[in-house]
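Asks: below are the sequence and a predicted model for it; my questions follow.
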Amino acid sequence: MSLKSVPKSIIVIAIVCLAVWQAAGTPNHMNLYAADARSKPELRTNCAICHSPAGRATDPNFLSEFGRAFKASGNRILPELRDRFPSLFLPKDAPVTGIPDETIKVATEQVVVNVTVRNGKGQYVTGLGQGDFKLLEDGHEQQIQEFLGEDAPMAVAVLLDASGSALEKDMDRARKAVVDLAYRLRPNDVLAIYTFGEGGVQQVRDFSSTVGDIKPLLRTVRGKGDSPLYDAIIQVSEELRDRPERRRAIILLTDGADSESKATQREAERKTFQAGISIYSIDLINTQKDARSIPARQGAAQILKELAEETGGRYITTEGGSWWMTSRGKLKRIFSDLIDELHKQYTIAYEPGNQRKAGRWRTIRVTMADAEFDARTRLGYREGNQ
(Lines give C-alpha, C1' and ligand atoms only; values in the text may rest on other atoms or scores of the structure.)
Protein backbone atom coordinates (compact mmCIF):
# COMPACT_ATOMS: atom_id res chain seq x y z
CA MET A 1 0.00 0.00 0.00
CA SER A 2 1.39 3.38 -1.00
CA LEU A 3 1.50 6.48 1.18
CA LYS A 4 -0.88 8.17 -1.23
CA SER A 5 -3.60 5.63 -0.37
CA VAL A 6 -3.48 6.54 3.33
CA PRO A 7 -6.15 9.14 4.22
CA LYS A 8 -4.73 12.59 4.93
CA SER A 9 -6.61 12.69 8.25
CA ILE A 10 -4.67 9.69 9.55
CA ILE A 11 -1.36 11.30 8.58
CA VAL A 12 -2.32 14.52 10.37
CA ILE A 13 -3.34 12.60 13.50
CA ALA A 14 -0.03 10.70 13.46
CA ILE A 15 1.98 13.92 13.22
CA VAL A 16 0.05 15.48 16.09
CA CYS A 17 0.50 12.38 18.27
CA LEU A 18 4.24 12.37 17.55
CA ALA A 19 4.50 16.01 18.58
CA VAL A 20 2.57 15.39 21.77
CA TRP A 21 4.73 12.35 22.57
CA GLN A 22 7.90 14.34 22.07
CA ALA A 23 6.62 17.18 24.27
CA ALA A 24 5.56 14.81 27.03
CA GLY A 25 8.80 12.84 26.81
CA THR A 26 11.00 15.94 26.98
CA PRO A 27 9.95 18.01 30.03
CA ASN A 28 10.63 21.73 29.99
CA HIS A 29 13.67 21.71 32.23
CA MET A 30 14.26 25.44 31.98
CA ASN A 31 10.78 26.44 33.16
CA LEU A 32 11.15 24.28 36.26
CA TYR A 33 14.71 25.47 36.91
CA ALA A 34 13.77 29.13 36.43
CA ALA A 35 10.81 28.77 38.81
CA ASP A 36 12.99 27.28 41.54
CA ALA A 37 13.62 29.85 44.25
CA ARG A 38 17.29 28.89 44.63
CA SER A 39 18.17 28.87 40.93
CA LYS A 40 20.76 31.50 39.99
CA PRO A 41 19.02 34.44 38.28
CA GLU A 42 21.74 34.83 35.64
CA LEU A 43 21.26 31.21 34.52
CA ARG A 44 17.46 31.07 34.37
CA THR A 45 17.43 31.64 30.60
CA ASN A 46 20.55 29.61 29.79
CA CYS A 47 19.30 26.35 28.36
CA ALA A 48 22.87 25.03 28.13
CA ILE A 49 22.75 24.04 31.80
CA CYS A 50 20.20 21.37 30.86
CA HIS A 51 21.06 20.29 27.32
CA SER A 52 23.08 21.04 24.21
CA PRO A 53 21.45 24.10 22.55
CA ALA A 54 22.39 22.97 19.04
CA GLY A 55 21.73 19.26 19.57
CA ARG A 56 18.69 17.04 19.24
CA ALA A 57 16.95 15.11 21.98
CA THR A 58 17.92 11.85 20.27
CA ASP A 59 21.66 12.66 20.45
CA PRO A 60 23.56 10.55 23.07
CA ASN A 61 25.06 13.59 24.80
CA PHE A 62 22.09 15.91 24.40
CA LEU A 63 21.46 16.25 28.18
CA SER A 64 24.03 17.82 30.47
CA GLU A 65 25.05 16.16 33.73
CA PHE A 66 22.43 18.27 35.51
CA GLY A 67 19.84 17.43 32.86
CA ARG A 68 20.45 13.69 33.33
CA ALA A 69 20.27 14.00 37.11
CA PHE A 70 17.06 16.01 36.81
CA LYS A 71 15.53 13.32 34.59
CA ALA A 72 16.66 10.55 36.94
CA SER A 73 14.93 12.30 39.87
CA GLY A 74 11.59 12.10 38.09
CA ASN A 75 11.80 15.60 36.56
CA ARG A 76 11.89 17.20 40.02
CA ILE A 77 14.41 19.57 41.53
CA LEU A 78 15.10 17.84 44.82
CA PRO A 79 17.23 19.22 47.67
CA GLU A 80 20.04 16.79 46.85
CA LEU A 81 20.19 18.21 43.32
CA ARG A 82 20.76 21.70 44.69
CA ASP A 83 23.52 20.37 46.93
CA ARG A 84 25.11 18.37 44.10
CA PHE A 85 25.24 21.33 41.68
CA PRO A 86 26.29 24.35 43.77
CA SER A 87 27.32 26.23 40.62
CA LEU A 88 23.67 26.29 39.50
CA PHE A 89 21.91 27.11 42.78
CA LEU A 90 22.11 29.80 45.44
CA PRO A 91 23.11 28.88 49.00
CA LYS A 92 20.25 28.27 51.44
CA ASP A 93 20.84 31.54 53.26
CA ALA A 94 21.12 33.70 50.12
CA PRO A 95 18.33 36.23 49.36
CA VAL A 96 15.90 35.18 46.62
CA THR A 97 15.06 37.60 43.79
CA GLY A 98 13.05 37.53 40.57
CA ILE A 99 10.61 34.80 41.63
CA PRO A 100 6.92 35.44 42.49
CA ASP A 101 6.19 35.23 46.22
CA GLU A 102 3.92 32.19 45.90
CA THR A 103 6.65 30.27 44.02
CA ILE A 104 9.20 31.13 46.68
CA LYS A 105 6.93 29.83 49.42
CA VAL A 106 6.36 26.51 47.67
CA ALA A 107 10.03 26.04 46.73
CA THR A 108 11.85 27.08 49.87
CA GLU A 109 9.70 26.56 52.93
CA GLN A 110 10.27 23.49 55.02
CA VAL A 111 7.57 21.35 56.51
CA VAL A 112 8.13 20.95 60.26
CA VAL A 113 6.42 18.14 62.16
CA ASN A 114 6.57 16.97 65.76
CA VAL A 115 6.68 13.21 66.29
CA THR A 116 5.68 11.27 69.40
CA VAL A 117 7.06 7.72 69.63
CA ARG A 118 5.70 5.01 71.92
CA ASN A 119 6.64 1.37 72.38
CA GLY A 120 4.29 -1.59 72.57
CA LYS A 121 3.55 -0.83 76.23
CA GLY A 122 2.51 2.74 75.46
CA GLN A 123 5.67 4.24 76.98
CA TYR A 124 7.44 7.19 75.39
CA VAL A 125 10.64 6.21 73.57
CA THR A 126 13.68 8.47 73.96
CA GLY A 127 17.27 8.40 72.74
CA LEU A 128 16.46 7.82 69.06
CA GLY A 129 18.43 9.28 66.17
CA GLN A 130 17.55 10.49 62.70
CA GLY A 131 18.29 7.08 61.21
CA ASP A 132 15.47 5.55 63.25
CA PHE A 133 12.87 7.57 61.35
CA LYS A 134 11.53 7.45 57.80
CA LEU A 135 9.17 10.23 56.72
CA LEU A 136 6.84 9.77 53.79
CA GLU A 137 4.67 12.32 52.01
CA ASP A 138 1.99 10.80 49.79
CA GLY A 139 3.82 7.51 50.12
CA HIS A 140 7.18 8.87 48.88
CA GLU A 141 10.13 9.01 51.24
CA GLN A 142 11.41 12.53 51.92
CA GLN A 143 14.91 13.66 52.78
CA ILE A 144 15.09 14.80 56.41
CA GLN A 145 16.90 18.14 56.51
CA GLU A 146 16.73 18.85 60.24
CA PHE A 147 16.30 16.54 63.20
CA LEU A 148 15.88 17.62 66.82
CA GLY A 149 15.93 15.19 69.73
CA GLU A 150 13.86 15.30 72.88
CA ASP A 151 16.18 17.78 74.58
CA ALA A 152 15.26 20.64 72.21
CA PRO A 153 13.71 23.71 73.89
CA MET A 154 10.06 24.37 73.21
CA ALA A 155 7.61 27.25 73.10
CA VAL A 156 4.19 26.53 74.58
CA ALA A 157 1.15 28.79 74.28
CA VAL A 158 -1.78 28.17 76.62
CA LEU A 159 -5.02 29.30 74.98
CA LEU A 160 -7.72 29.73 77.59
CA ASP A 161 -11.42 30.03 76.80
CA ALA A 162 -12.65 33.14 78.64
CA SER A 163 -16.00 33.36 76.88
CA GLY A 164 -19.39 33.25 78.53
CA SER A 165 -19.76 29.57 77.66
CA ALA A 166 -16.95 28.70 80.06
CA LEU A 167 -18.37 28.04 83.52
CA GLU A 168 -16.65 29.77 86.44
CA LYS A 169 -15.82 26.49 88.15
CA ASP A 170 -14.11 25.35 84.96
CA MET A 171 -12.23 28.65 84.79
CA ASP A 172 -10.96 28.11 88.32
CA ARG A 173 -9.76 24.61 87.46
CA ALA A 174 -8.07 25.93 84.32
CA ARG A 175 -6.25 28.70 86.18
CA LYS A 176 -4.81 26.27 88.70
CA ALA A 177 -3.91 23.77 85.98
CA VAL A 178 -1.92 26.39 84.05
CA VAL A 179 0.12 27.16 87.17
CA ASP A 180 0.79 23.44 87.66
CA LEU A 181 1.86 23.18 84.02
CA ALA A 182 4.29 26.12 84.28
CA TYR A 183 6.18 24.43 87.11
CA ARG A 184 6.73 21.37 84.89
CA LEU A 185 8.61 23.28 82.18
CA ARG A 186 12.38 23.14 81.80
CA PRO A 187 14.55 26.25 82.25
CA ASN A 188 15.04 26.69 78.50
CA ASP A 189 11.32 26.33 77.69
CA VAL A 190 9.04 29.36 77.37
CA LEU A 191 5.33 29.73 78.12
CA ALA A 192 2.81 32.37 77.00
CA ILE A 193 -0.84 32.68 78.03
CA TYR A 194 -3.68 33.91 75.83
CA THR A 195 -7.41 34.20 76.39
CA PHE A 196 -10.27 34.54 73.94
CA GLY A 197 -13.71 35.89 74.78
CA GLU A 198 -15.15 39.36 75.13
CA GLY A 199 -12.79 41.78 73.42
CA GLY A 200 -11.35 39.14 71.11
CA VAL A 201 -7.96 37.52 71.66
CA GLN A 202 -5.80 38.85 74.48
CA GLN A 203 -2.26 38.00 75.47
CA VAL A 204 -2.20 37.72 79.24
CA ARG A 205 1.51 36.95 79.38
CA ASP A 206 4.27 37.03 76.78
CA PHE A 207 6.63 34.08 76.26
CA SER A 208 8.85 33.64 79.31
CA SER A 209 10.50 30.95 81.40
CA THR A 210 9.51 32.60 84.69
CA VAL A 211 6.64 31.29 86.81
CA GLY A 212 5.99 33.74 89.66
CA ASP A 213 3.79 36.16 87.72
CA ILE A 214 1.35 33.59 86.34
CA LYS A 215 -1.00 33.18 89.31
CA PRO A 216 -1.81 36.90 89.82
CA LEU A 217 -2.28 37.40 86.09
CA LEU A 218 -4.74 34.52 85.84
CA ARG A 219 -6.84 35.87 88.70
CA THR A 220 -8.00 38.66 86.40
CA VAL A 221 -9.41 36.23 83.80
CA ARG A 222 -13.23 35.90 83.86
CA GLY A 223 -15.59 34.13 81.48
CA LYS A 224 -17.58 36.61 79.40
CA GLY A 225 -18.65 37.25 75.80
CA ASP A 226 -18.53 35.15 72.64
CA SER A 227 -15.90 32.61 71.62
CA PRO A 228 -13.58 33.49 68.67
CA LEU A 229 -11.77 30.15 68.83
CA TYR A 230 -10.41 30.05 65.26
CA ASP A 231 -9.25 33.67 65.36
CA ALA A 232 -7.39 32.86 68.58
CA ILE A 233 -5.62 29.86 67.06
CA ILE A 234 -4.56 31.96 64.07
CA GLN A 235 -3.13 34.80 66.18
CA VAL A 236 -1.26 32.47 68.50
CA SER A 237 0.07 30.41 65.58
CA GLU A 238 1.42 33.51 63.87
CA GLU A 239 3.22 34.60 67.02
CA LEU A 240 4.58 31.12 67.68
CA ARG A 241 5.89 31.01 64.13
CA ASP A 242 8.20 33.92 64.94
CA ARG A 243 9.71 32.13 67.93
CA PRO A 244 13.29 30.76 67.66
CA GLU A 245 12.26 27.48 69.33
CA ARG A 246 11.59 24.85 66.67
CA ARG A 247 9.30 22.76 68.87
CA ARG A 248 5.98 24.52 69.35
CA ALA A 249 2.65 23.57 70.87
CA ILE A 250 -0.72 25.08 71.71
CA ILE A 251 -2.55 23.82 74.79
CA LEU A 252 -6.19 24.68 74.27
CA LEU A 253 -8.61 24.70 77.20
CA THR A 254 -12.15 25.25 75.95
CA ASP A 255 -15.57 23.79 75.30
CA GLY A 256 -14.79 24.02 71.58
CA ALA A 257 -17.81 26.13 70.62
CA ASP A 258 -16.75 28.89 68.21
CA SER A 259 -19.31 31.68 68.04
CA GLU A 260 -17.54 34.79 66.76
CA SER A 261 -14.50 34.07 64.59
CA LYS A 262 -14.02 35.78 61.26
CA ALA A 263 -11.76 32.92 60.19
CA THR A 264 -12.73 29.31 59.45
CA GLN A 265 -11.52 26.04 60.93
CA ARG A 266 -9.53 25.30 57.76
CA GLU A 267 -7.79 28.67 57.95
CA ALA A 268 -6.86 27.97 61.56
CA GLU A 269 -5.48 24.55 60.63
CA ARG A 270 -3.46 26.14 57.83
CA LYS A 271 -1.78 28.52 60.27
CA THR A 272 -0.81 25.66 62.59
CA PHE A 273 0.83 23.93 59.63
CA GLN A 274 2.78 27.05 58.68
CA ALA A 275 4.16 27.30 62.21
CA GLY A 276 4.81 23.58 62.75
CA ILE A 277 2.46 23.46 65.74
CA SER A 278 0.76 20.58 67.55
CA ILE A 279 -2.53 21.34 69.31
CA TYR A 280 -3.52 19.61 72.53
CA SER A 281 -7.24 20.15 73.05
CA ILE A 282 -8.40 19.79 76.64
CA ASP A 283 -12.19 19.58 76.81
CA LEU A 284 -13.36 20.79 80.21
CA ILE A 285 -17.06 20.79 79.39
CA ASN A 286 -17.93 17.72 77.39
CA THR A 287 -17.21 15.26 80.20
CA GLN A 288 -20.25 16.46 82.11
CA LYS A 289 -23.19 14.09 81.81
CA ASP A 290 -25.69 16.80 80.86
CA ALA A 291 -23.41 17.97 78.05
CA ARG A 292 -23.24 14.58 76.36
CA SER A 293 -26.88 14.75 75.27
CA ILE A 294 -26.58 18.20 73.68
CA PRO A 295 -25.79 18.03 69.92
CA ALA A 296 -24.00 21.40 69.97
CA ARG A 297 -21.64 20.15 72.67
CA GLN A 298 -20.94 16.98 70.74
CA GLY A 299 -20.24 19.03 67.62
CA ALA A 300 -17.84 21.19 69.60
CA ALA A 301 -16.05 18.11 70.90
CA GLN A 302 -15.66 16.84 67.34
CA ILE A 303 -14.00 20.11 66.33
CA LEU A 304 -11.54 19.82 69.19
CA LYS A 305 -10.71 16.27 68.12
CA GLU A 306 -10.14 17.35 64.52
CA LEU A 307 -7.87 20.22 65.52
CA ALA A 308 -5.78 17.89 67.67
CA GLU A 309 -5.57 14.94 65.28
CA GLU A 310 -4.90 17.14 62.25
CA THR A 311 -1.84 18.68 63.91
CA GLY A 312 -0.44 15.56 65.58
CA GLY A 313 -1.57 16.52 69.09
CA ARG A 314 -4.22 14.89 71.26
CA TYR A 315 -7.82 15.42 72.32
CA ILE A 316 -8.05 15.10 76.11
CA THR A 317 -10.90 15.01 78.61
CA THR A 318 -10.85 14.79 82.39
CA GLU A 319 -12.57 11.43 82.40
CA GLY A 320 -10.93 8.50 84.16
CA GLY A 321 -8.71 8.42 87.21
CA SER A 322 -9.64 7.37 90.74
CA TRP A 323 -13.10 8.30 92.02
CA TRP A 324 -11.58 10.15 94.95
CA MET A 325 -9.34 12.31 92.77
CA THR A 326 -10.40 15.96 92.62
CA SER A 327 -10.99 17.70 89.30
CA ARG A 328 -7.77 19.67 89.83
CA GLY A 329 -5.96 16.42 90.59
CA LYS A 330 -7.15 14.98 87.28
CA LEU A 331 -6.06 18.06 85.39
CA LYS A 332 -2.70 18.04 87.15
CA ARG A 333 -2.20 14.43 86.11
CA ILE A 334 -3.22 15.28 82.52
CA PHE A 335 -0.83 18.20 82.32
CA SER A 336 1.98 16.19 83.85
CA ASP A 337 1.59 13.52 81.16
CA LEU A 338 1.20 16.15 78.46
CA ILE A 339 4.41 18.00 79.33
CA ASP A 340 6.18 14.66 79.65
CA GLU A 341 5.10 13.88 76.09
CA LEU A 342 6.23 17.26 74.74
CA HIS A 343 9.63 16.85 76.38
CA LYS A 344 10.08 13.44 74.77
CA GLN A 345 9.03 14.37 71.25
CA TYR A 346 11.20 14.61 68.16
CA THR A 347 11.01 17.38 65.58
CA ILE A 348 11.65 16.72 61.89
CA ALA A 349 11.95 19.27 59.08
CA TYR A 350 11.98 18.44 55.38
CA GLU A 351 11.51 20.20 52.06
CA PRO A 352 8.86 18.34 50.02
CA GLY A 353 10.32 16.63 46.97
CA ASN A 354 6.99 15.71 45.36
CA GLN A 355 5.63 17.63 42.41
CA ARG A 356 3.41 20.41 43.73
CA LYS A 357 -0.23 20.95 42.88
CA ALA A 358 -2.24 23.69 44.57
CA GLY A 359 -5.19 22.50 46.62
CA ARG A 360 -4.08 18.89 46.87
CA TRP A 361 -4.08 17.17 50.25
CA ARG A 362 -0.64 15.83 51.21
CA THR A 363 -0.55 12.89 53.60
CA ILE A 364 2.33 12.68 56.07
CA ARG A 365 3.37 9.40 57.67
CA VAL A 366 6.35 8.52 59.83
CA THR A 367 7.56 4.92 60.10
CA MET A 368 10.14 3.56 62.51
CA ALA A 369 13.13 1.30 61.93
CA ASP A 370 11.97 -0.70 64.96
CA ALA A 371 8.59 -2.22 64.11
CA GLU A 372 7.65 -2.30 67.81
CA PHE A 373 7.61 1.50 67.95
CA ASP A 374 4.61 3.56 66.91
CA ALA A 375 5.00 7.16 65.68
CA ARG A 376 2.29 9.82 65.81
CA THR A 377 2.54 13.09 63.88
CA ARG A 378 0.25 15.46 61.98
CA LEU A 379 -1.96 13.78 59.38
CA GLY A 380 -0.86 16.06 56.55
CA TYR A 381 -1.51 19.44 54.95
CA ARG A 382 -3.17 20.99 51.94
CA GLU A 383 -0.79 22.05 49.17
CA GLY A 384 -0.58 25.77 48.58
CA ASN A 385 -1.02 26.53 52.30
CA GLN A 386 2.60 27.22 53.14
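Replies: All right, it came through fine.

Asks: show me where the stretch 151-300 of the chain has helices.
Replies: Ranges of helices in the stretch 151-300 of the chain, per DSSP state H, counting those that start in this stretch, are 168-182, 214-218, 229-241, 265-275, 295-311.

Asks: for the ones you listed, give me JSON lines that also has distance to H343.
Replies: Placement of C-beta: from N, CA and C, glycine included. Listed next are the helices of the stretch 151-300 of the chain as JSON lines, based on distance: least, C-beta to C-beta, whole Å:
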{"stretch": "helix 168-182", "distance to H343": "12"}
{"stretch": "helix 214-218", "distance to H343": "19"}
{"stretch": "helix 229-241", "distance to H343": "17"}
{"stretch": "helix 265-275", "distance to H343": "20"}
{"stretch": "helix 295-311", "distance to H343": "18"}
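
Asks: and these: which comes nearest E351?
Replies: helix 265-275 (14.5 Å; C-beta to C-beta).

Asks: touching that closest one from outside, list them.
Replies: With C-beta atoms under 8 Å, 6 or more residues apart in numbering as the test, helix 265-275 has contacts from 111, 229-230, 233-234, 237-238, 240-241, 248, 250, 258, 261, 278-279, 303, 306-307, 310-311, 378, 381-382, 385-386.

Asks: as a whole number, average confidence for it?
Replies: Mean per-residue pLDDT for helix 265-275: 90.

Asks: do stretch 160-174 as well
Replies: Mean predicted confidence for stretch 160-174 is 70.

Asks: again, but for stretch 238-249
Replies: Averaged across stretch 238-249, pLDDT comes to 92.

Asks: now do the buried residues in it.
Replies: With burial defined by 16 or more other C-beta atoms under 10 Å, the residues of stretch 238-249 counted as buried are E239, L240, R241, R243, E245, R246, R247, R248, A249.

Asks: related to what we said a few turns ago, of all the helices of the stretch 151-300 of the chain, which one is nearest P53?
Replies: Of the helices of the stretch 151-300 of the chain, nearest to P53 by C-beta to C-beta is helix 265-275, at 40.8 Å.

Asks: in the stretch 51-200 of the chain, where is pLDDT below threshold?
Replies: Regions of the stretch 51-200 of the chain meeting the criterion pLDDT under 70 cover residues 57, 73-76, 92-109, 164-170.

Asks: cutoff 80 now
Replies: Applying pLDDT under 80 to the stretch 51-200 of the chain flags the ranges 52-60, 71-81, 91-109, 163-174, 198-199.

Asks: one step back: pick the most buried one from the helices of the stretch 151-300 of the chain.
Replies: Of all the helices of the stretch 151-300 of the chain, helix 229-241 carries the top mean neighbour count, a mean of 23, counting by mean count of other C-beta atoms under 10 Å.

Asks: show me what that one is packed against.
Replies: When contacts are defined as 3 or more C-beta pairs under 8 Å, 6 or more residues apart in numbering; DSSP states H and E, helix 229-241 packs onto strand 154-162, strand 190-197, strand 200-208, strand 247-254, helix 265-275, strand 277-283.
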